[in-house]
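Student: Quick one, what's the 3D model for this:
(chains A and B)
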Amino acid sequence: MLILLLVSIPIIGGIVAWAAEKAGTSWPRWVSIFALGLDIIMMIPVLSAIPHSRGVWSAEFRAEWISAIGASIHLAIDGMSLLLVILTLFLGMISVLCSWTEIRERVGFFHFNLLWTLSGIIGVFTALDLLLFYFFWELMLIPMYLLINIWGHENRVYASYKFFIFTQAGGLLMLVAILALYFIHKEQTGAATFGYADLLGTRLSPETGMLLMLGFFAAFGVKIPALFLHTWLPDAHTEAPTAGSVILAGLLLKTGAYGLLRFLIPLFPDAAREFAAVGMLIGTAGILYGAVLAFAQKDLKRLVAYTSISHMGFVLLGAFAGNELSLQGCVMQMLSHGLSTGALFIIVGAIQERLHTRDIGRMSGLWQAMPRMGGFALFFGLASLGLPGMANFIAEFLVLIGSFRVSVPLTVIASLGLIASAVYSLWMIQRVFHGSPSHETPPDISFRETMVLLSMMLPILWLGLFPQTALRVSSSSIEAIAQHRLSHSMDYPGPGSGGLR
Amino acid sequence: MTAYMPDLIQLIPAFPFAGAFFLILRGRRLPMQATAVIGSGSVGLSALAGIAVAIEFISSPPVGHALYKTLWRWMDVGGLSPSVTLYLDPLSLIMLLVVTIVGFLIHIYSTEFMEGDEGYSRFFAYMNMFIGAMLVLVLADDLLLLYLGWEGVGLCSYLLIGFWYKNPANGYAARKAFVITRIGDTAMAVGLFLLFTESGTLRIQDMLMSAEAGRPGGLTISLAAGLLLAGAVGKSAQLPLQTWLPDAMAGPTPVSALIHAATMVTAGVYLIARMHTLFELAPAVQTAVAVIGVATLLVSAASALAQRDIKRVLAYSTMSQIGYMFLALGAGAWSAAIFHFMTHAFFKALLFLAAGAVIISQHHEHDMFRMGGLRKRLPLTFITFLVGSASLSSLPLITAGFYSKELILWGAWSSAKGGHWLWAAGIIGAFLTSVYTFRMVFLIFYGEQKTELSRLPGLRMHIPLMILALFSIAGGFIETPKILGGVDVFSSFMNSALPQEVKGHLSGHSELMPLGAASLASISGVFIAYMLFFKTPHASEQMVRTRLGGMLRRFMLSGWGFDRLYDTLFVRPFIRIASVSRDDFIDLISKVLAASAAVMSRALSLTQTGKVRWYAFAVGLGAAILIWTAVL
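Tutor: Numbers count the residues shown, from 1 in each chain, chains lettered A, B, ... in the order given. Reported below is the predicted structural model:
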């Protein structure tokens, strides 16, 4: 029941926020804060249940949906989902706060879309029925499209179309794969179901398995984004309003990564292993390609967007390397990238609000006028280049040390990303904050902005020094995935049984 | 067992971190005096704690001459379970004492040197953070924790080189330092992956123990040692990753003294000494250490000869002296390397600080050829600079540098892993060292005064100079050659942490010959400098004016052209690739798809003319084609 509330509170909150606009423009903001706050409170019992839960799932909800075809409303939370749901609520809150002054038109509808997207994301992170998963996958897409299309920057229409077409195409291929899996399973067992646990054991011929896996990969690969499927991302990130960029980079990309870990690898263990070399190669190439292009950009927001491609390459690499070290690294990367890149987008947004440009060439020496913002930018830039002591380091180190066992050459090449990230991060700091001070003297960040950035900085430091807090939570889910992949047997004990511990 | 030592150890890095934290948080609102007290006080407390620990460590040594203090379990994933543990043995104790004591003196000096700078509190915040990170580096029990300190000091080095951020050149130097050292760091990270995959742990002592069981000369061990060496080469500015250090002089002079002379740049030496078992099991790599050291010490000593900028002379000199330490490590004279690290920290910090006093008295002039005759005007600075120079040139008997360099040269001469070539290169280096060192002395302090004095150093700058001058003399007497008393306080203290060198066939020979040769090299170097730069300065000018001389001078001034080489080989191609692919050529795929869809749509919309006759014709034509194909 708890999880159902978790998903539906933002839905209801969104409608209320839209309606509340009539009472004043700050009402939708407060309604959103309230709804997300309520959700966060709902998380407390789940959070306290985690250390005691013996099985994989620590909270579960199951109800009939479309019984004729065997679809059910099945939501559940395990350690990995829990971390991601917390990240979703946290970044949701941040998004509301960082659009406080930026969004002035159609405030109610903006927050409606924001909350609905968040609801879709939470649904994606908790759904255990494949049809329901697809439903949430689409639910988060359309409000996001509107966020870019209505409140975005100059080139927003092109960017939003591109975003929509890419994700929709990927999503449809996944739907085809889901349906195929459904029918194959029905043929084998006679039971019509979209249930995750039931479909896990479906026997597939190598060719079919590979085809279906590729269908899923189309959807997840677009979202992560994998190299070659990434080209929607720079446009969408750049044109979206700040809150949109935060959600895109911080959360939407994570749904792809989550799908990889939760669905693609467990559902198609053999095909995934077959594909692992290609997946790791795409990840590695993405790390370097994203880093080089980030360095080349002249638009500050585009620069940050390309760093996302580079960082998410680590997730792809780690996911297909598939051992406990690299998978835990993926989880850590999802959290740390969500925080650090989200924060960088907020900083870019704050700069754009003040200077009315994103052109790096027109910025210089901003440290003089805005030392506090400079300090934050430096911090998140350092997080981005993977400085030890911060969460991003733990993530990338775990991914690489795990991948090293699987492929030495790819790991060594991917490690070059550590050098490239230093190049682009320090270059960004140099061009924007160092150098001779510009004539403009924009005001330094406000109290609200300071609090927002501080609240993103502290978890990065905490997870860098005490990563075990998060790793412990996700360990049972990750162990299950890693062992399932190792055993590559058909008799996966399934969630809830706790048989893997 | 002792009571207070374990608890004190954790305070040693905690003090400077606390200082940095406080200054970052509140620094801008503090008065300058408060910043000075907090900034230097935190390091002072750390030094006091270090001394207290040292006293107890020496008076009642812990079991096995080593002490662990676990603070927390960092993480525990799939067999990787590094903990945040401090490890104290004689090696880390010496490092920690040098870092905190020399660090404290430099902080005191900085409180006066940086006076009036708008970034006063930012400076001390970064400096404190550096000391903290450096202490983590030397106290780490786990390679991953060491790596944290390793990158932490790199960060502080970056921040302090680019401290005066308004000048883009400083920013460039800072980025260059960070990126080049990161190349080494990344190799080191790969080394960590390899070590963990092979041994299942990153705890240094466990790893060394399990390595000992392995076969010497094995490929994996050699590879791992080689990767760690790459990290050490980057951090310690050795060939081929040395080019960042001369540019790093863009930072304030106390930074150069602390980070780029006394402590951080010697982290590579510490790393190799710490992992000595690994290197002993990889003889080829250990030889490479010695060869790199010798090559660097010669290349950079020659470069130092041609520099005009006083700080660049000292920078090249630092590279060269670290080259000596590498030579010692490669020859298996482990404690000699650490001994030279210690004396070098004293006399090079002294030289940098004295140079700083000269620079601020000369309107921030760095060019030695625009200085001169300062002997009378800055008497105390002159005397301390002279002491530092004597020690750097290892003038016999009275200087610390003599005893430490002597120990290295003796190691190179007599050790089974050394050799006459290595020794001879060391002797040539010693000669070049005293030439360029006394070139500095004569150019700055003798001759006629060329620039008016702007600011005289005060007490807070003079006291650290005098203390360091004392150390630069007396620091050597704790370890002397057999024929000069044979004191071995230092090496016997190091015994439990570092193995003694393996003596070669020469061990029976007298020390007299090599000792005499080294002394002769030093003294003749001073004499040459005297002749060239004091007695007959026009002779050196004439040498430079010839075609060959000019070319040679330019070559050495540029540090043997490495910058240009790397620029052509790496930097420009990278920028080229970046600018060519700026618009993301993969995006072309979707652009072409979109464009072709648009073209097709336009083509098809042409058919929508609205003319009935045209439609009727199209329908007729279509029907005709259909029938035709059906019939055929």
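Student: Check whether the residue nearest in space to the middle of chain B sits in a helix, strand or coil.
Tutor: The centroid of chain B falls nearest to B:Val265 when counting by CA atoms, centre = their mean (1.9 Å). Look at B:Val265: counting by DSSP: H, G, I helix; E, B strand; the rest coil, its state is helix.
Student: Distance of it relative to chain A?
Tutor: Per CB to the nearest CB, to the nearest Å, B:Val265 is found 19 Å from chain A. (C-beta placed from N, C-alpha, C; glycine too.)
Student: List the contacts of that residue.
Tutor: Taking CB atoms under 8 Å, 6 or more residues apart in numbering or on different chains, we find B:Val265 in contact with B:235-237, B:245, B:259, B:318, B:322.
Student: ok, those vs chain A, which is closest?
Tutor: The nearest member of those to chain A, counting by CB to the nearest CB, is B:Lys235 at 14.3 Å.
Student: Whichever of the contacts of B:Val265 end up buried, select them in ChimeraX.
Tutor: Isolation of the buried members of those (16 or more other CB atoms under 10 Å in any protein chain shown) is achieved in ChimeraX through the command below:
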select /B:235,236,237,245,259,318,322
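Student: for the contacts of B:Val265, which one is nearest A:Glu102?
Tutor: Distance to A:Glu102, by CB to CB, is smallest for B:Ile259 among these, at 41.3 Å.
Student: From what I see, the closest one and B:Gly152 are in contact.
Tutor: No: counting by CB atoms under 8 Å, B:Ile259 sits too far from B:Gly152 to count as a contact (11.8 Å).
Student: any residues in contact with both of those two?
Tutor: Common neighbours of B:Ile259 and B:Gly152 (criterion: CB under 8 Å, 6+ apart): B:Phe130.
Student: Checking my notes, B:Pro499 in a strand, right?
Tutor: No: counting by three-state DSSP, B:Pro499 is not part of a strand but coil.
Student: Next, it: phi, psi?
Tutor: For B:Pro499, the backbone dihedrals (degrees, to the nearest 10) come out as phi -70, psi 160.
Student: what's the closest non-adjacent residue to it?
Tutor: Of all residues not flanking B:Pro499 in the chain, B:Trp334 sits nearest, at 6.4 Å (CB to CB, 6 or more residues apart in numbering or on different chains).
Student: Show the contacting residues for that neighbour.
Tutor: By CB under 8 Å, 6+ apart, the residues touching B:Trp334 are B:273, B:276, B:328, B:494, B:498-501.
Student: which among those residues end up buried?
Tutor: Among those, those buried by neighbour count (16+ other CB under 10 Å) are B:273, B:276, B:328, B:494, B:498, B:501.
Student: need these in a markdown table with pLDDT and distance to A:Ser384, can you?
Tutor: A markdown table is the format used below for the buried ones among the contacts of B:Trp334 (pLDDT from 0 to 100; distance: CB to CB, whole Å):
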| residue | pLDDT | distance to A:Ser384 |
| --- | --- | --- |
| B:Ala273 | 93 | 33 |
| B:His276 | 90 | 36 |
| B:Ala328 | 92 | 39 |
| B:Met494 | 81 | 41 |
| B:Leu498 | 81 | 39 |
| B:Glu501 | 70 | 45 |
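Student: Need those in TSV (columns: distance to B:Arg439).
Tutor: Shown next, in TSV, are those (distance: CB to CB, whole Å):
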residue	distance to B:Arg439
B:Ala273	32
B:His276	36
B:Ala328	26
B:Met494	35
B:Leu498	35
B:Glu501	34
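Student: From these, pick the one nearest B:Val255.
Tutor: For those, the nearest to B:Val255 is B:Ala273 (24.7 Å; CB to CB).
Student: quick one: contacts for the closest one?
Tutor: Listed by CB under 8 Å, 6+ apart, the contact set of B:Ala273 reads B:91, B:329, B:334, B:337-338, B:498.
Student: and if we set it to 6 Å?
Tutor: Shown in contact with B:Ala273 (CB atoms under 6 Å, 6 or more residues apart in numbering or on different chains): B:Trp334.
Student: That one belongs to a helix?
Tutor: Yes: assigned with three-state DSSP, B:Ala273 falls within a helix.
Student: what does the stretch 251-400 of chain A put close to chain B?
Tutor: For the stretch 251-400 of chain A, the residues in contact with chain B (CB under 6 Å from any CB of the partner chain) are A:292, A:295-296, A:324-325, A:328, A:387-389.
Student: helices and strands around the helix or strand that contains A:Leu4, which ones?
Tutor: Per DSSP states H and E, A:Leu4 falls inside helix A:2-20. Using 3 or more CB pairs under 6 Å, 6 or more residues apart in numbering or on different chains; DSSP states H and E, the elements in contact with helix A:2-20 are helix A:26-49, strand A:59-66, helix A:107-126.
Student: CA atoms of the longest one as CSV?
Tutor: So that's helix A:26-49. Only the C-alpha atoms of helix A:26-49 are listed here, as CSV (Å, rounded to 0.1, in the frame of the first residue of the first chain):
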residue,chain,number,x,y,z
SER,A,26,3.7,30.4,-5.4
TRP,A,27,1.0,28.0,-4.5
PRO,A,28,1.9,25.3,-7.0
ARG,A,29,5.5,25.5,-5.7
TRP,A,30,4.4,24.9,-2.1
VAL,A,31,2.0,22.2,-3.1
SER,A,32,4.8,20.4,-4.9
ILE,A,33,7.1,20.7,-1.9
PHE,A,34,4.4,19.4,0.2
ALA,A,35,3.6,16.4,-2.0
LEU,A,36,7.3,15.5,-2.3
GLY,A,37,7.8,16.0,1.4
LEU,A,38,4.9,13.6,2.1
ASP,A,39,6.6,11.1,-0.2
ILE,A,40,9.8,11.4,1.7
ILE,A,41,8.1,10.8,5.0
MET,A,42,6.5,7.7,3.5
MET,A,43,10.0,6.4,2.7
ILE,A,44,11.0,6.3,6.4
PRO,A,45,9.3,3.0,7.2
VAL,A,46,10.8,1.4,4.1
LEU,A,47,14.2,2.8,5.0
SER,A,48,14.1,1.4,8.5
ALA,A,49,12.9,-1.9,7.1
